[in-house]
Every structure is written in structure tokens, then in C-alpha cells.
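> The sequence and its predicted three-dimensional model are supplied below.
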Amino acid sequence: MSGFQQSATAFVAGYGRTWQSWDVAGFVSLFSDDVVYVVDPERTVVGSDALQNYVREEQAAQGDVSVRMGNPMIDGEQVMAEFWVKATNEGEEATIAGCLIARLDPEDGRCTHFREYWFDLDGHLDPYRSWGT
Amino acid sequence: MTQIEIVQRFYDAFGSGDLDAATAMFADGVRMTDPGLGSVKGLPALRDYLDGLKGPLPDARAIVERAFEAGDTVIVEGRFTGTNTGPLPGPEGDLPASGREVDLPFADFSRLREGEIVEYRTYYDQVGLFTQLGLMEEE
């Protein structure tokens, strides 16, 4: 496994691990200080402080989460992966099915540009067959 | 033809309304997953899915903005655009065309084998779609 493949694999694993534990500092450390994090067409978060605030907002909205990450897929300096999240917030169950497309700095493995796409689904659903592979 | 070219040919055929050509890019046993609609298997189910997009949005097309290739999988970021000039199926019957335009970012994952797409998963902003079609209030 090349150095970049190791970085990409570590990024995807760390993304899932810090999301599940709501380790905000650990999550933010996966990204460059000036990261451009595109949540959706209406919202782009730029920089560590803004990303930290965004993650805290998501923690309040999602509550307890169980996060599964799909296999990292690598092309050049980009890594792609799907995620499947079961969230429980004040008794409300939801599933977040989505994917990320991240550009990593080949020097330090931190993410410099991030884009995510996702569905919010009601209830706790299991991934589809062959999801994430 | 490269894997990315095969996937691009699917989008091109879909955009031009040639759903026979679009469907021809997929294997007979293709599994297609749209988390908003579920997962289906086989070409007839895929064709139904594509027909379901083209019915309310006859000019629907997918504009590829970036394409990546990772092993046997092509990942595409793009925009799905269209105008609601056809009837829109609803839980209580068809809704009349609204004339509203849709412009949504999406990411697709297509796995290929022997020059055919065998798995296809799409992610897009479902709330944005419903809002742009006027089926949900803007937040």
C-alpha cells in the first residue's frame, strides 16, 4: 500500500471514528486549517473554527450515532467513500445514507477540499446489499 | 472505451431521451440504488426508474462536472437539471406540471464489469428536489 493509500484509508477511518464518538477536535484535525468543506449548495464551511462549529451543530441535531464507512476509493489525490449512519436524537430514529469526496494533501494526508452528498431517511435502516464496496 | 466513457455515454443517452441506449450501458442483472426510493435489480426495473425521471422532467439531463476512476468503480459529481413539464406522480394521483426547474448536485457510484455497469448508486439532495418541485416548503 502506497503512502497516499495509507493516508486515504486513515482519513476515511478517522472520519467515521470521530463522527461516531463526536470527537470534535479529532474530527477537525483530519482537515487542513483552511479546508473548504462543502455541506450543500447553500452552505460551505471554510477553516477549522467554522468546521468545529458546524460539527457541534450536527452533534446537537443528530444525537447518538452509529457510523459505518464504505471502502475508500482512490483516484489521484481524491478519496471517495460512502457512509451509512444510524442516528438517535431524543428518541427520534433516522438514517443518513451518503458519500464523501475529499481531496487530501499528499504531504500530510489532511483534507483540503471536502464535498458530501446524503439522504435523510426516517427510522433505522440497514445498508443495501453490496453497499460501500 | 474507458470506464468513464461508458458512464458518460449513459448520461449522454439519458439526456437526449434515448433510454434504450442509456439502458444498454448496464448489465442485465444491474443493481440500482437510490436511497430515497430503495434498491432494485434488473434492466426492467432500471428502465422504470429512468422513465420515472423523464416523465415529469422530459428534458432531464445529468451534467458531469468531475469524474473519478477507482479500480472498477467510476464516481461522478454533477448536476441533474430538468423542467417539470410532465405529470408528477404523487401519493394521491398525478400532480399537474408546474413548469418549475430543477438543478440539483449529485454524486453517482457506478461499478463496471466487462464494459457494463453492474451496480449503480446515486446520492442527491432529496429535500432540495422536493423543494425545487414545490412539494415542500423552503426552510
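Structure received. Residues are numbered from 1 along each chain as shown, chains lettered A, B, ... in the order given.

> can you give me the strands for the chain?
All of this refers to chain A. Chain-ordered strands for chain A, with DSSP state E as the definition, fall at A:31-40, A:43-46, A:64-69, A:73-75, A:78-89, A:92-104, A:111-122.

> Sorry, I should have been clearer: chain B.
Going by DSSP E, chain B shows strands at B:26-34, B:38-41, B:61-70, B:73-83, B:101-113, B:116-124.

> circling back: with mean pLDDT as extra columns, can I get the strands of chain A in JSON lines?
Below are the strands of chain A laid out as JSON lines (pLDDT from 0 to 100):
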{"stretch": "strand A:31-40", "mean pLDDT": "96"}
{"stretch": "strand A:43-46", "mean pLDDT": "96"}
{"stretch": "strand A:64-69", "mean pLDDT": "97"}
{"stretch": "strand A:73-75", "mean pLDDT": "97"}
{"stretch": "strand A:78-89", "mean pLDDT": "96"}
{"stretch": "strand A:92-104", "mean pLDDT": "96"}
{"stretch": "strand A:111-122", "mean pLDDT": "94"}
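
> and those as CSV, adding mean neighbour count and distance to chain B?
No exception for glycine: its C-beta is placed from N, CA and C like everyone else's. Shown next, in CSV, are these (neighbours: other Cβ atoms under 10 Å in any protein chain shown; distance: least, Cβ to the nearest Cβ, whole Å):
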stretch, mean neighbour count, distance to chain B
strand A:31-40, 17, 6
strand A:43-46, 14, 11
strand A:64-69, 16, 14
strand A:73-75, 21, 3
strand A:78-89, 21, 5
strand A:92-104, 20, 4
strand A:111-122, 18, 4
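
> mind putting these in JSON lines, distance to residue B:132 included?
Shown next, in JSON lines, are those (distance: least, Cβ to Cβ, whole Å):
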{"stretch": "strand A:31-40", "distance to residue B:132": "13"}
{"stretch": "strand A:43-46", "distance to residue B:132": "17"}
{"stretch": "strand A:64-69", "distance to residue B:132": "28"}
{"stretch": "strand A:73-75", "distance to residue B:132": "29"}
{"stretch": "strand A:78-89", "distance to residue B:132": "24"}
{"stretch": "strand A:92-104", "distance to residue B:132": "19"}
{"stretch": "strand A:111-122", "distance to residue B:132": "16"}
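
> For residue B:6, which of these is the nearest?
Residue B:6 lies closest to strand A:73-75 among those, at 16.1 Å (Cβ to Cβ).

> and that closest one, what other elements does it pack with?
The contact analysis (3 or more Cβ pairs under 8 Å, 6 or more residues apart in numbering or on different chains; DSSP states H and E) places strand A:73-75 against helix A:3-21, strand A:78-89, strand B:61-70, strand B:73-83.

> How far does that strand sit from its chain's centre?
Computed by Cα atoms, centre = their mean, to the nearest Å, the chain-centroid distance of strand A:73-75 equals 16 Å.

> cool, and stretch B:41-58?
In terms of Cα atoms, centre = their mean, the centre of stretch B:41-58 is set 8 Å apart from its chain centre.

> can you tell if that stretch touches chain A?
No. Judged by Cβ under 8 Å from any Cβ of the partner chain, stretch B:41-58 stays clear of chain A, getting no closer than 9.0 Å.

> biggest helix in chain B by residues?
Longest helix in chain B, counting residues (DSSP state H): helix B:3-16.

> OK, contacts around residue A:98?
Residues counted as contacts of residue A:98 (Cβ atoms under 8 Å, 6 or more residues apart in numbering or on different chains) are A:82-83, A:85, A:116-119, B:123.

> And the nearest residue to residue B:123 once chain neighbours are set aside, how far from residue B:97?
Ranked by Cβ to Cβ, 6 or more residues apart in numbering or on different chains and with sequence neighbours excluded, the top spatial neighbour of residue B:123 is residue A:117, at 3.9 Å. To residue B:97, residue A:117 is 27 Å away according to Cβ to Cβ, to the nearest Å.

> ok, and what's touching the helix or strand of chain B with the lowest mean pLDDT?
Every helix and strand in chain B was compared by mean pLDDT, DSSP states H and E; the lowest is helix B:126-132, with a mean of 81. By Cβ under 8 Å, 6+ apart, the surrounding residues in contact with helix B:126-132 are A:40-41, A:119-120, B:35-36, B:100-104, B:136-138.
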